[in-house]
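Novice: Kindly generate the corresponding structure for this input.
(chains A and B)
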Amino acid sequence: MSTVYALLFIVATLVLVIGLARKIIQYAKTPAPLKIPTTPAPTTQAGVVMRLFREVVFFESLFKSTKWTWIFGWMFHMGLFLVLLRHVRYFIDPVWLPIQLIQPFGIYAGFAMVLGLAGLLVRRIFVDRVRYISAPSDYLWLLLLIVIGFSGLMMKFVAHTDVVMVKQFFHGLWTFSWGSLPMDFPLLVHLTLVVILMVLFPFSKLLHVPGVFFSPSRNQVDNPREKRHLAPWAKALEEQK
Amino acid sequence: MAKTDFEVPELHEYVDVPALEEGVMAHLSPFVAKPDHQEPLNFPGELVEDWHDKTLAKLDDLRSRYRSLQVYLDACVKCGSCTDKCHYYLGTKDPKNMPVGRQDLLRKVYRRYFTFAGKYFPKLVGAEDLTRETLDDWYSYYHQCSQCRRCSVFCPYGIDTAEISMAAREILDSIGYGQKYCNEIIAKVFKIGNNLGLPGPALADTLEGLEEDVFDETGIEVKYPLDVKGADILLVTPSADFFAEPHVDGLIGYGKVFHEAGVSWTMSSHASEAANFGMFIGSYENMRRVSMRVREAALELGVKRIVFGECGHAWRVAYSFLNTLAGPFDFLDPDYPVPQHICEFTNDLIEKGKLNFDKSANDHMTLTFHDSCNVARATRMGDKPGGQFEIPRAVIKAVCNNYVDMHHETIGEKTYCCGGGGGLLTDDLMEIRVKGALPRMTALKNAVEEQGVTHMAAICAICKSQFTKVLPYYGMTMDQIVSVHQLVSNAIVLTGQKTEDDESEEQEAEG
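Specialist: Below you'll find the model as predicted:
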């Protein structure tokens, strides 16, 4: 059984990495033929980095829009971020100091994450406009993440799993010498759903993660009068005549 | 009140986000382009037989040429942030007028044919087959979008529905299902030189008339030159400026400013149009072809600078795209940005103290300013981000004593579209134009009632025409919309011009 999980994780990682890399290459290779930053926009590259930083870390645009969506969305994402950092300890030995330091915060982050997700789900169900635009997959993603978070919290607070064994398993994956996983129900649920998430990531709306960095309305410098911005296909058009 | 076959929304203190009512705007579509309108733009004359495959091929082509389209089709998480941001949704309650609802019309087809999930699990991810009805839905709802970009301000990924609606219109054009209004106009630009089809001699006549009017009013010979070779500045302005009210009062103002600046300037009969509807239909090729006229005119006339008149989307094409589409402009004076906005030009002179104003000439009005969507969210003026908000206001405040802003949620980058932009300024779309104006009309009405505003100034030909038509539906009058350079024109004191004070002094001396 542990071997099955080991193989699942290896495959899932490959799908995730290759799938994402393909999308990122596609985004990077597709030209943006016109300057279309949503203005007012930064006039320097450093300004663009700051704009993206605010967008990615604070969800600036969402904050301007809807405070409820912002607060739930931000709680979920920041919670997830800390939880992921906390999980790094399962993959490295010795554990880096910063990862050690965030361990206690990571626990609370788990609650924030599930709470934020629950808020988003409630919003999706009860706000008529959001319900109208939701496909089944939109609900399923939220449920998937909630169950991942919930099963994780179960292992921390209700039915402890042997985390030493878990660490041996994941740390061993690096060298293809995994040990055995504890056969605890919450853990198996947790890991199965994470595998599903990893595999589906490159084929889903989770592409907003790379997407935000490639969004021309956010990542372009506002300097069209100073610099021409000619896409290769547009240049070809120019050479025709 | 104009007669209507639809219900005009009532104005309240706030625009409430309405509960959605599905399909209430499905009946509204603009007139379809005829072969005469399509073919000059290199589009098929009528719907092609293999539209299904052609549609998908075009979508595939566009997503490989536009990063925006590819990323925006993928990245939406359906968070709902944009759902209450579109003036057309607020005014119509139709969920397909929510930005994401509008995007999904195309996204559903993209997912069905170009994504793994949509190919194999369409129901799960809301992917749908492309049918003949899909095309009609696109035609209807992608012509209920003014491409104003308000949604993109609030989207956490900056997804810009304008990009999607431009792509959708480009696809429709490419299968022979174009919109009459836009395509007829672009064909006219190619043939005659401007949107309104005014030939060169008519322009010359009009401008001569303006010179006479200004002379009668001021006693000064202000010139409105056409096709003058060797002039320093080429002015490119929307053709509505040549005769429509209040546009023409703005043109009179530009002329007075140039006169006082002591620069030589000219307009061009070849590029007698600032507007570029090629943008509205998302056609890079046509937008480029329309833009090239400006370059050709500048070369032919041998000017050193290019200045654009008051027009919103034209300023977007000019500021953001012109250098790319028709550049490089290395034959122009490198000391000035190419192109400049007339407000930048006027503001520079004001800052240098080169213009004299009698602000009391505008004392019969209390002004507010409508930030035009394309200027606000797709361009800049001056050196600093946000100059597009400050510079027009600085110009107005320099020539008017009474100025107030509308509610802060309805101006600046959050400004509401007039309701007539993006190729919607046609009578066959009057219902969506009136309903889409609701948020702006609400903010204006509040400013009228609470702050005594009498007039709203704008720097966009479409905004001015739209408000002229729409204000009466909301119990206001069409002359409440004015041009910014109309205000400049009212207040400017030309060198040698006798003001009323001078005249009364003279009379006293004589008496």
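
Novice: Tell me which residues touch the closest residue to B:Gly197 other than its chain neighbours, please.
Specialist: Nearest residue to B:Gly197 in three dimensions, chain neighbours excluded: B:Lys188, at 4.7 Å (Cβ to Cβ, 6 or more residues apart in numbering or on different chains). Heads up, the C-betas are built off the backbone N, CA and C, glycines and all. Residues near B:Lys188 by Cβ atoms under 8 Å, 6 or more residues apart in numbering or on different chains: B:194-197.

Novice: so after the helix or strand harbouring B:Lys188, what's the next helix or strand?
Specialist: Here B:Lys188, judged by DSSP states H and E, is contained in helix B:180-191. Using DSSP H and E, the helix or strand that follows helix B:180-191 in sequence is helix B:200-218.

Novice: Go ahead and name everything in contact with that following helix.
Specialist: Contacts of helix B:200-218 (Cβ under 8 Å, 6+ apart): B:193, B:198, B:220-227, B:242-243, B:248, B:251-252, B:255-256, B:267, B:269, B:272, B:494, B:497.

Novice: now chain A, which segments are flagged as low pLDDT?
Specialist: Along chain A, the model assigns pLDDT under 70 to residues A:241.

Novice: element containing the residue nearest the centre of it?
Specialist: Nearest to the mean C-alpha position of chain A, by Cα atoms, centre = their mean, lies A:Val209 at 5.6 Å. A:Val209 belongs to helix A:208-214 when assigned by DSSP H and E.

Novice: Ok, A:Gly47 next?
Specialist: Assigned by DSSP H and E, A:Gly47 falls within helix A:45-53.

Novice: Could you list every helix and strand in contact with that helix?
Specialist: helix A:216-219 (3 or more Cβ pairs under 8 Å, 6 or more residues apart in numbering or on different chains; DSSP states H and E).

Novice: starting at the chain centroid, how far to the very next helix or strand once past the helix it packs on?
Specialist: Downstream of helix A:216-219, the first helix or strand assigned by DSSP H and E is helix A:232-240. On the basis of Cα atoms, centre = their mean, to the nearest Å, helix A:232-240 is displaced by 37 Å from the centre of the chain it belongs to.

Novice: Let me see the ranges of the strands in chain B.
Specialist: Taking DSSP state E to define them, one finds strands in chain B at B:233-236, B:265-266, B:305-308, B:340-341, B:367-369, B:455-458, B:481-483.

Novice: Please point out which parts of the fifth one sit buried.
Specialist: I take that to be strand B:367-369. For strand B:367-369, burial by neighbour count (16 or more other Cβ atoms under 10 Å in any protein chain shown) applies to B:367-369.

Novice: What helices and strands are in contact with that strand?
Specialist: helix B:387-399, helix B:438-451, strand B:455-458.

Novice: Who are the contact partners of B:Leu41?
Specialist: Neighbouring residues of B:Leu41 by Cβ under 8 Å, 6+ apart: B:173, B:178, B:183, B:186-187, B:281, B:283, B:286.

Novice: Any chance of these in a markdown table with pLDDT as columns?
Specialist: Output for the contacts of B:Leu41, formatted as a markdown table (pLDDT from 0 to 100):
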| residue | pLDDT |
| --- | --- |
| B:Asp173 | 98 |
| B:Gly178 | 98 |
| B:Asn183 | 97 |
| B:Ile186 | 96 |
| B:Ala187 | 94 |
| B:Ile281 | 98 |
| B:Ser283 | 97 |
| B:Asn286 | 96 |
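
Novice: could you redo those as a markdown table and give each row distance to chain A and neighbour count?
Specialist: Output for these, formatted as a markdown table (distance: Cβ to the nearest Cβ, whole Å; neighbours: other Cβ atoms under 10 Å in any protein chain shown):
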| residue | distance to chain A | neighbour count |
| --- | --- | --- |
| B:Asp173 | 17 | 24 |
| B:Gly178 | 21 | 30 |
| B:Asn183 | 20 | 28 |
| B:Ile186 | 17 | 27 |
| B:Ala187 | 20 | 20 |
| B:Ile281 | 14 | 25 |
| B:Ser283 | 12 | 25 |
| B:Asn286 | 12 | 27 |
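
Novice: for chain A, what are the nearby residues on the stretch 401-511 of chain B?
Specialist: Neighbours of chain A within the stretch 401-511 of chain B, by Cβ under 8 Å from any Cβ of the partner chain: B:413-414.

Novice: go again using 7 Å as the cut-off
Specialist: Neighbours of chain A within the stretch 401-511 of chain B, by Cβ under 7 Å from any Cβ of the partner chain: B:Glu413.

Novice: tell me which residues in the helix of greatest length in chain A are buried?
Specialist: In chain A, with assignment by DSSP state H, the single longest helix is helix A:97-126. For helix A:97-126, burial by neighbour count (16+ other Cβ under 10 Å) applies to A:99, A:102, A:106-107, A:109-110, A:112-121, A:123-124.

Novice: Tell me how many other residues crowd residue 33.
Specialist: Answering for chain A, as no chain was given. 23 (other Cβ atoms under 10 Å in any protein chain shown).

Novice: meant chain B actually
Specialist: Neighbours of B:Ala33 (other Cβ under 10 Å): 26.

Novice: quick one: contacts for it?
Specialist: B:178-180, B:183-184 (Cβ atoms under 7 Å, 6 or more residues apart in numbering or on different chains).

Novice: 8 Å instead, please
Specialist: B:43, B:178-180, B:183-184.

Novice: I figured A:Gly211 hits B:Leu73, correct?
Specialist: No: contact between A:Gly211 and B:Leu73 fails when scored by Cβ atoms under 8 Å: they sit 9.6 Å apart.

Novice: about what we covered before: between the buried residues of strand B:367-369, which is nearest chain A?
Specialist: The shortest approach to chain A among the buried residues of strand B:367-369 belongs to B:Phe369, at 16.3 Å (Cβ to the nearest Cβ).

Novice: And that closest one, how far from B:Thr415?
Specialist: Separation of B:Phe369 from B:Thr415 (Cβ to Cβ, to the nearest Å): 10 Å.

Novice: Any regions of chain B where pLDDT drops low?
Specialist: With pLDDT under 70 as the threshold, chain B has low-confidence stretches at B:1-3, B:499-511.

Novice: Domain-wise, how is it divided?
Specialist: Domain assignment for chain B by automatic domain parsing gives B:35-185, B:192-404+B:453-491.

Novice: In CSV, list these along with distance to B:Arg433.
Specialist: Listed next are the domains of chain B as CSV, based on distance: least, Cβ to Cβ, whole Å:
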stretch, distance to B:Arg433
domain B:35-185, 9
domain B:192-404+B:453-491, 6
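
Novice: mind checking which of these is nearest A:Thr192?
Specialist: domain B:35-185 (18.7 Å; Cβ to Cβ).

Novice: Report the contact partners of the residue nearest to B:Glu39 when sequence neighbours are not counted.
Specialist: Nearest residue to B:Glu39, sequence neighbours excluded (Cβ to Cβ, 6+ apart): B:Gly45, at 5.5 Å. B:Gly45 makes contacts with B:34-35, B:38-39, B:176, as judged by Cβ under 8 Å, 6+ apart.

Novice: now those in CSV, with neighbour count?
Specialist: CSV is the format used below for the contacts of B:Gly45 (neighbours: other Cβ atoms under 10 Å in any protein chain shown):
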residue, neighbour count
B:Lys34, 14
B:Pro35, 12
B:Gln38, 23
B:Glu39, 15
B:Gly176, 20
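
Novice: Nearest to chain A among the contacts of B:Lys188?
Specialist: Among these, and counting by Cβ to the nearest Cβ, the member closest to chain A is B:Asn195, at 21.5 Å.

Novice: Roughly how far does the closest residue to chain A within the stretch 301-450 of chain B sit from B:Glu409?
Specialist: Residue of the stretch 301-450 of chain B nearest chain A, by Cβ to the nearest Cβ: B:Pro385 (3.6 Å). Look at B:Pro385 and B:Glu409: by Cβ to Cβ, they are 20 Å apart.
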